[in-house]
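Trainee: need the 3D shape of this:
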Amino acid sequence: MYVSNHNVLLKTPGKETVIFNALWGSMDILDPNEVEVLEKIKTTGDCYKNEKTVAALLEAGYVCMNETVENAKFAAEYQEFVQHVASMPENFFIIPSYACNLACVYCFQEDVEKTHEVIEDNVIDQVFRTIDTIRAERGNKGMPQITVYGGEPLLDNKKQIKAVKRILEESRKRGFKKIVVTNGVTLKKFVTMLADAHIDEVHVTLDGCREVHDARRMMKGGQGTFDVIVEGIKAALKAGLNIHLRVIVDKNNLERLPDLIQFLDEQGWLDNPKFRMHVGRIYECGAVSTSPYKEKYYIGLIDLIRYWAQNASQLKGVDFGFRGIKQALYTGKVPSPLFSYCPSCTNEFVFDLRGDIYPCPGGCGDTQLRVGTFYPQVEYFDIFHKWRSRTILRIEKCQQCDLALVCGGGCPLENLAEDKDIFEPACTPIREEMQIGVNILYPQLLQVENRAQPVQEPCCCSTEDPQEVISMDEKKTQPECNCAEVKIIPLDEEEE
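Mentor: As a prediction, the model looks like this:
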């Protein structure tokens, strides 16, 4: 017999061990005897004296009759992944300008030349010709997404707003989903324009309450921006627009996160179905990667998770997925295996005003990271094809890693930003993240083991220990609960 190469073993606070396998879609709790059986099979190839345990391990995919069985399963899952990628609607970003009216302390585009240059009409025409060609070649009939990005797309000048209107109109004609990412300073002024364009979502950033935010995201003259952004969010919600609030945390503002959550709750936003939030961290690339700011203030994901675990009762609307542990616990379904890290390796394109193509918004503006051009002519560089072929099958060090299908090989942009080969893994502390999830969710995991079915997710009004309470994730309100539905994005990814 053959022990799966994709078993991830995580110790619990008790005597049990959680086993997680993304290839076979299984998660269970093993007692010490079952772990011993698994280890014996691994070292000797058999353990037929424990027929019941072996049968259970075989059924879950933790053990196969031979390596050929697992290889066939891997090949089948990979083909399903390829078919899924082919059917995924495209995710297009358009950057009308790199100019910005803020002087954020952690700007990842600090090294990008921020002139007041604005995308020209003929370049917009070429963007959409390129988009139409991409869609025709891929043959995808799904609804793509257009994200208007920057710089700051809603700068208050006539030429730029005219360009943004044109981009939104061309997107509307094609039936695309439309998103605008803005710092929010001019949001109130342009709410009517965005509502008339039927924007699907507006992304805005607040990094804390007034004192905290204004020390991080200020105008170039030093003026604070908190109040004007809050007024913009209020106006947008009143107009029926969907708001996606992004909160960027580091060592400098993490301890004040509960204050912001309290403010958002007092505004009634956390209970508003038009509002969702995402707490994230800065990119580890661009100007930030070499700045003194990163060395002094950057916070790792594990530190963020630990802070959340200790303060969950004060962080309504903040959640973690623990790389599939939580989903498997509450739905009984393990997430599909990750053969690649993110959409930049599959269906994402970033077009800027200068005619360059980037693989993801995290690298836009740094010409060393561009993967092609669309203006004056379309050309895809060799790095584009490498990027799109980057799966764990192309990364040698991923081949024997039990976490490969949970990780997807890590962020390729980080590799290029650090002058590493794109086919090197960009490893992150995923095992530690999953281990923390197991420790926090241990009581609920035991319920699954005892009842052999997914457990009810604790309500946010629960009186359980805060470290055991998980915030609602697309959760329907329980009859005995006074809380409204809160939409959450798991905090497993970095933010810009």
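Trainee: care to break the protein down by domain?
Mentor: Taking automatic domain parsing as the domain assignment, the ranges for the chain are 2-82, 88-345, 433-487.
Trainee: now the residue lying closest to residue 411 once chain neighbours are set aside: how far from residue 341?
Mentor: Computed as CB to CB, 6 or more residues apart in numbering, the closest residue to residue 411 that is not its neighbour in sequence is residue 426, at 4.8 Å. Every residue, glycine included, has its C-beta placed from N, CA and C. For residue 426, the distance to residue 341 equals 8 Å [CB to CB, to the nearest Å].
Trainee: more neighbours: those two, which one.
Mentor: It is residue 341, of residue 426 and residue 341, that has more neighbours when counted by other CB atoms under 10 Å, with 24 against 21.
Trainee: what sits against the more buried one?
Mentor: 390, 407-412, 426 (CB atoms under 8 Å, 6 or more residues apart in numbering).
Trainee: that one in helix, strand or coil?
Mentor: coil (DSSP: H, G, I helix; E, B strand; the rest coil).
Trainee: cool, and residue 447?
Mentor: Under three-state DSSP, residue 447 falls in the helix class.
Trainee: picking that back up, out of the contacts of residue 341, which comes closest to residue 36?
Mentor: Taking CB to CB as the measure, residue 36 lies nearest residue 407 of those, at 28.1 Å.
Trainee: who are the neighbours of the strand or helix carrying residue 167, in terms of helices and strands?
Mentor: In the assignment (DSSP states H and E), residue 167 maps to helix 158-173. On a contact count with 3 or more CB pairs under 8 Å, 6 or more residues apart in numbering; DSSP states H and E, helix 158-173 meets helix 121-138, strand 145-148, strand 177-181, helix 187-196.
Trainee: picking up where we left off before, shared neighbours, residue 426 and residue 341?
Mentor: 409-412.
Trainee: now do the buried residues in the longest helix seen in the chain.
Mentor: Ranked by residue count and defined by DSSP state H, the top helix of the chain is helix 67-87. By 16 or more other CB atoms under 10 Å, the buried positions in helix 67-87 come out as 69-70, 73-74, 77-78, 81, 85.
Trainee: dump the very next helix or strand once past that helix to CSV, restricted to CA.
Mentor: As assigned by DSSP H and E, the chain's next helix or strand after helix 67-87 is strand 91-95. This file holds the C-alpha atoms of strand 91-95, laid out as CSV (Å, rounded to 0.1, in the frame of the first residue of the first chain):
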residue,chain,number,x,y,z
ASN,A,91,-10.6,39.5,-14.6
PHE,A,92,-9.5,42.7,-16.4
PHE,A,93,-7.9,45.8,-14.6
ILE,A,94,-7.6,49.1,-16.4
ILE,A,95,-5.4,51.9,-15.1
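Trainee: find the least confident helix or strand in the protein, judged by mean pLDDT.
Mentor: Sorting the helices and strands of the chain by mean pLDDT, DSSP states H and E puts strand 487-488 at the bottom, at a mean of 30.
Trainee: returning to what we had before: among the helices and strands packed on helix 158-173, which is the most enclosed?
Mentor: strand 145-148 (a mean of 23; mean count of other CB atoms under 10 Å).
Trainee: any idea of the mean pLDDT for that one?
Mentor: Averaging pLDDT along strand 145-148 gives 98.
Trainee: picking that back up, now the helices and strands packed on helix 158-173 in JSON lines, with distance to residue 229?
Mentor: Below are those laid out as JSON lines (distance: least, CB to CB, whole Å):
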{"stretch": "helix 121-138", "distance to residue 229": "28"}
{"stretch": "strand 145-148", "distance to residue 229": "18"}
{"stretch": "strand 177-181", "distance to residue 229": "13"}
{"stretch": "helix 187-196", "distance to residue 229": "7"}
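Trainee: out of those, nearest to residue 382?
Mentor: Smallest distance to residue 382 across the helices and strands packed on helix 158-173 (CB to CB): 18.4 Å, for helix 121-138.
Trainee: can you tell me what sits against the longest helix of the chain?
Mentor: Under CB under 8 Å, 6+ apart, the answer for helix 67-87 is 2, 4-6, 23-24, 61, 64, 138-140, 142, 336-337, 339-340, 346-347, 391, 393.
Trainee: where exactly do the helices run in the stretch 351-496 of the chain?
Mentor: For the stretch 351-496 of the chain, the helices defined by DSSP state H, counting those that start in this stretch cover 382-388, 404-407, 412-417, 430-440, 442-451.
Trainee: contacts for the first one?
Mentor: Looking back up the chat, that one is helix 382-388. So helix 382-388 is contacted by 344-346, 357, 359, 371-372, 412, 416, 422-423 (CB under 8 Å, 6+ apart).
Trainee: for residue 233, phi and psi?
Mentor: For residue 233, the backbone dihedrals (degrees, to the nearest 10) come out as phi -60, psi -40.
Trainee: I figured it hits residue 205, correct?
Mentor: No: Residue 233 lies out of contact with residue 205 (CB atoms under 8 Å); the separation is 10.6 Å.
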